[in-house]
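Trainee: here's a sequence, model it:
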Amino acid sequence: MTLRFSVLASGSSGNAFYIATEKEKILVDAGLSGKQLDRLFQEANLDPTVITKILVTHEHSDHVKGLGIIARKYNLPIYANEKTWKAMEGSIGKLTVDQKFEFGCEKVKTFGDMDIESFGVSHDAAEPMFYTFHHEGKKVALVTDLGYVSERIKKTVEQADALIFEANHDVSMLQMGRYPWNVKRRILGDYGHVSNDDCALALEDIIGHNTKRIYLAHLSQDNNMKELARMSVENHLRTAGFPIDQGLEILDTDPNSPTSLYQVV
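Mentor: Numbering: from 1, shown residues only. Have a look, this model is predicted:
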């Protein structure tokens, strides 16, 4: 069995990602209420009792809101780096010692039949990091919540078979929108979020011959729209010579409903 995954929820209101092999069933982040997460599992036809562990990217509430609840309910171990543990401990409730594990930044861990590589990103959190997942020569990369895409990150995630990649905002919508200036400045800065245009530019350097699917993730509810993000990225990549809809698909994610479980082939 190859890698299978579903973007359970993605957006500024909550994030959760599921990825599985025959031996491992991993949840990355739990940024919605326990009730919402159970609904998402049901909608995605996933059994939460078979989840083997939870990985955490960073401590912001849209990534850890339901973390403690889900971990306690299904008795799951949680993996995060030391600074993230310290930053989120006050908000996730009590956990037993055998539920707390460290996964350092810029490390590789092997869980069962899956190798997972963590990498740091520029975001206004304690020590934010995201992951690439490897199994039987297949690779899936999860990259959101970053102010810019460094060359190091590009090298880490390039040639992935599937990418879940941030397209947070349309710059014009953000600049014209209702957010106060200090929030706009944060989002546009090096520790904020990647825009549709910057997403497309980065993908130019990342997409490889194996890349079949790109899921546009962590869209702002106020400063973006699915159609706009997809059109911006598709038009840019098409102009750059990439085979959009001829072997390469650009797909949406949603803050309230999961993507279909996709098997990487």
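Trainee: which SS state does the closest residue to residue 92 other than its chain neighbours fall under?
Mentor: Among residues not flanking residue 92 along the chain, residue 68 sits closest, at 3.6 Å (CB to CB, 6 or more residues apart in numbering). Where you see a C-beta, it was placed from the backbone N, CA and C, and this is true even at glycine. At residue 68 the chain is in helix, as set by DSSP: H, G, I helix; E, B strand; the rest coil.
Trainee: cool, the one 4 residues further on as well?
Mentor: At residue 72, secondary structure determined by three-state DSSP is helix.
Trainee: what about it, neighbour count?
Mentor: Other residues near residue 72 come to 16 when the count uses other CB atoms under 10 Å.
Trainee: list the contacts of it.
Mentor: For residue 72, the contact set (CB atoms under 8 Å, 6 or more residues apart in numbering) comprises 93-95.
Trainee: make CSV from those and add pLDDT to it.
Mentor: Formatted as CSV, the contacts of residue 72 follow (pLDDT from 0 to 100):
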residue, pLDDT
93, 96
94, 96
95, 97
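Trainee: next, residue 203: secondary structure please.
Mentor: Classified using three-state DSSP, residue 203 is helix.
Trainee: equivalent analysis for residue 19, please.
Mentor: Residue 19 - assigned by three-state DSSP - is strand.
Trainee: which strand residues bridge it?
Mentor: Beta-bridge pairing for residue 19 (DSSP bridges): residue 5, residue 26.
Trainee: do you know how far it is from residue 172?
Mentor: Counting by CB to CB, to the nearest Å, the gap between residue 19 and residue 172 amounts to 34 Å.
Trainee: please say which of these two ends up with more neighbours.
Mentor: Taking neighbours as other CB under 10 Å, residue 19 and residue 172 compare with residue 19 leading, 25 against 11.
Trainee: isn't that one right next to residue 3, touching?
Mentor: Yes - look at residue 19 against residue 3 with CB atoms under 8 Å: they come within range, at 6.5 Å.
Trainee: shared neighbours of those two, anything?
Mentor: By CB under 8 Å, 6+ apart, the residues touching both residue 19 and residue 3 are 114, 133, 140.
Trainee: which of those residues ranks first by neighbour count?
Mentor: Using other CB under 10 Å as the neighbour criterion, residue 133 leads the shared contacts of residue 19 and residue 3 with 27 neighbours.
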